[in-house]
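# please work out how this folds:
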Amino acid sequence: MARRNRYSVQKHISKEQLQKIIKEKEKEAILLKRLYFIRLLYDGLSVENASDKIGIVKATGYDWLKRWNKGQFKELCPKFGGGRPSKLSDDQKKQLKELLLKQDPWTTKSIKELIEKNFGISYSEKQVMRILRAMGMYYGKPFPRDYRRPIDAENVLKKTSKDN
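From the prediction side, this is the model:
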């Protein structure tokens, strides 16, 4: 026997408008899941049944319903904090990139030491790699060169492949 709903859904917008918003937001998977949940409530399902269909716990379903009733669509949007602010300012990052472009190649360890020397900020090597990736710079592992390889190996390869 189904339980009687303690909370009822406030229909701020029509079901058609809700469907239109769902279509527009299909790429935003987190929000889409929440909108599907609200649509199930619009269809008359209880919070418990809608939560089961969506695959969330009942408490989360009640939380989403309360947020929907409080401020409809805007309250369901996920709010991401963005993490801790960077120790390096934007200007310092630009200076670092200019320094890195002047010399080739760099190791992660040497970049870490460069940041400590020039900016007085200490990072781990892993964080240095993240900073480089965020600046659009990537690192590659050097491979040892075979001493037996001829200097003009590309030309030799082209000649031998044409002969076949």
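# which parts of this protein are helices?
For the chain, the helices defined by DSSP state H occupy 15-24, 29-42, 47-54, 58-76, 90-102, 108-119, 125-134, 153-163.
# wait, which of those helices is closest to Val9?
With CB to CB as the criterion, Val9 lies closest to helix 29-42 of these, at 4.3 Å. Any C-beta I mention is one placed from the backbone N, CA and C, and that applies to glycine too.
# could you chop this protein up by domain?
When the chain is parsed with automatic domain parsing, its domains come out as 15-76, 90-134.
# most packed of those?
domain 15-76 (a mean of 15; mean count of other CB atoms under 10 Å).
# what about that one, start to end distance?
One end of domain 15-76 to the other measures 17 Å (CA to CA, to the nearest Å).
# hang on, the earlier thing: can I get the domains of the chain in JSON lines with distance to Gly83?
Listed next are the domains of the chain as JSON lines, based on distance: least, CB to CB, whole Å:
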{"stretch": "domain 15-76", "distance to Gly83": "18"}
{"stretch": "domain 90-134", "distance to Gly83": "11"}
